[in-house]
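1. here you go, sequence then predicted model.
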Amino acid sequence: MSSTNAAILKNFKNAQIPSWKKALIVGSEWSNKDEFLDIIYWGRQIISVISGIICGLIPITGFIGLLIFLILNSGGVYLFSCHFHKVDDQEYGGVGEIIKEGMMTSFATFLVTWILLYTSLYKVSHL
């Protein structure tokens, strides 16, 4: 952890930092387990929308799009939790439990974004 981040964490140790700010600071301490899982959930939603836009714009179809989603989404959550914040995954039930947090809702978000964008750009005939 850099000295700047260590100083920020030390200064705000007793202060109430909003969750979204804490998510941007490397190695933040999460006193509440649900707070960290909420950040994982909403971060996963953001990744889902972005990957849905990418797959819809490029135009990607089929299994390749699903594979892109799984790699970006699961890989992003893993890197964020285990390498960026260095949380003890055993506190949350293991890496698998962290990666599963909000997976199905983010998959639905991805599918809706991907299908709507792809359909509106490539399948709708213009009058």
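-> That came through, no problem.

2. so which strand or helix has the residue nearest to residue 102 when sequence neighbours are not counted?
-> Excluding its sequence neighbours, the residue lying closest to residue 102 (CB to CB, 6 or more residues apart in numbering) is residue 41, at 3.9 Å. Yep, even glycine has a C-beta here, placed from its N, CA and C like the rest. Under the criterion of DSSP states H and E, residue 41 resides in helix 33-57.

3. chain center to that helix: distance?
-> Offset of helix 33-57 from its chain centre (CA atoms, centre = their mean, to the nearest Å): 4 Å.

4. which strands and helices sit next to it?
-> helix 19-23, helix 63-78, helix 103-118 (3 or more CB pairs under 8 Å, 6 or more residues apart in numbering; DSSP states H and E).

5. so for residue 84, which of the ones you listed sits nearest?
-> Among the helices and strands packed on helix 33-57, the nearest to residue 84 by CB to CB is helix 19-23 (8.9 Å).

6. list the buried ones in the helix or strand harbouring residue 99?
-> Element membership for residue 99 (DSSP H and E) is helix 95-100. Neighbour-count burial for helix 95-100 flags 98-99 (criterion: 16 or more other CB atoms under 10 Å).

7. just to revisit the earlier point, okay, the helices and strands packed on helix 33-57 in TSV with mean neighbour count next?
-> TSV is the format used below for these (neighbours: other CB atoms under 10 Å):
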stretch	mean neighbour count
helix 19-23	15
helix 63-78	16
helix 103-118	17
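
8. among those, which is nearest residue 49?
-> Per CB to CB, nearest to residue 49 of these: helix 103-118, 5.3 Å.

9. the closest one: how far from the chain's middle?
-> Relative to the mean C-alpha coordinate of its chain, helix 103-118 is positioned 14 Å out (CA atoms, centre = their mean).

10. by contact count, what packs against it?
-> The contact analysis (3+ CB pairs under 8 Å, 6+ apart) places helix 103-118 against helix 33-57, helix 63-78.

11. for that helix, what is the average pLDDT?
-> Here helix 103-118 scores 94 as its mean pLDDT.

12. between it and helix 63-78, how many degrees?
-> Computed by axes from the mean of the first three to the mean of the last three CA atoms, to 10 degrees, the angle separating helix 103-118 from helix 63-78 equals 130 degrees.
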